[in-house]
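In: Just need the structure, nothing else, for what follows:
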Amino acid sequence: MTSITIAADENLVEALKTIAEQKATTVEVVAREALTDYVRSQPAHTHTTYSFIGIGHSGKKNLSTQVEKILDEAADRRAGWRLS
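Out: Sure thing, here's the model as predicted:
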């Protein structure tokens with residue numbers, strides 16, 4: 001399991017502590033349950049599209065038909081993307 005650290009205002013922290021006390025568990029467990037419920041409530045992520053594609057001319061004949069594949073392979077959510 002991976003640990004994460006988040007910043008939360010005091011009201012949220014106090015609410016988490018109260019819930020944890022009522023459930024006789026830890027704030028960590030309550031927060032993990034809340035995050036799990038939130039993630040499950042989100043629509044499934046299936047594919048990212050890049051709306052800016054097709055606005056220029058690359059000189060490569062097959063780029064427009066392979067752009068999604070190329071960008072998916074090159075994209076890094078934290079660092080951005082680059083074409084090699």
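
In: Can you give me the domain boundaries for this protein?
Out: What automatic domain parsing lists as the domains of the chain is 10-41, 47-84.

In: Please state the backbone phi and psi of Gln42?
Out: Phi and psi for Gln42, reported as degrees, to the nearest 10, are phi -80, psi 150.

In: can you give me the strands for the chain?
Out: Along the chain, the stretches classed as strands by DSSP state E are 75-76, 80-81.

In: avg pLDDT for the last one?
Out: It stands for strand 80-81. Average pLDDT, strand 80-81: 60.

In: Now do Gln66 against Glu73, distance only.
Out: 10 Å (C-beta to C-beta, to the nearest Å). Placement of C-beta: from N, CA and C, glycine included.

In: coming back round to it: any idea which of the domains of the chain scores lowest on pLDDT?
Out: domain 47-84 (a mean of 65).

In: What are the buried residues along stretch 15-33?
Out: 16, 19-20, 30-31 (16 or more other C-beta atoms under 10 Å).
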